[in-house]
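> Got a sequence here, can you model it:
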Amino acid sequence: MVGSTKTRGEPSDSSWRSTTTYGDSAADITAGLDALVTRQTVRVQPAFPLLVPVAIGLVLVLTVEDLLGWWALLTLG
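Residues are numbered from 1 along each chain as shown. As a prediction, the model looks like this:
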């Protein structure tokens, strides 16, 4: 910031609450951000574990819907 005399690591005058929605304190958030800065790496979890059940569920739902549709057409129609 232009004209700011604060050094890195000092708390800013922003309106941080004492805890966040998830129950983390400002100190916890600061510690997490400091860990990210010092490690210089971030592990990104792949979306694969989420996409596999979604894809299986989609195939299952479409198959069951198709079978029920044909059953209803043949027996009721």
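> switch to C-alpha atoms for all contacts and neighbour counts from now on
OK.
> for the least confident helix or strand in the chain by mean pLDDT, the distance to its chain's centre please.
In the chain, no helix or strand scores lower on mean pLDDT, DSSP states H and E than helix 26-39, which sits at a mean of 83. Taking Cα atoms, centre = their mean, to the nearest Å, one finds helix 26-39 lying 18 Å from the centre of the chain it belongs to.
> C-terminal to that helix, what's the next element?
For helix 26-39, the succeeding helix or strand toward the C-terminus, using DSSP states H and E, is helix 48-76.
> Does anything pack onto that next one? Which helices or strands?
Here helix 48-76 touches no other helix or strand, going by 3 or more Cα pairs under 8 Å, 6 or more residues apart in numbering; DSSP states H and E.
> Show me which parts of that helix are buried, residue by residue.
Judged by neighbour count using 16 or more other Cα atoms under 10 Å, helix 48-76 contains no buried positions.
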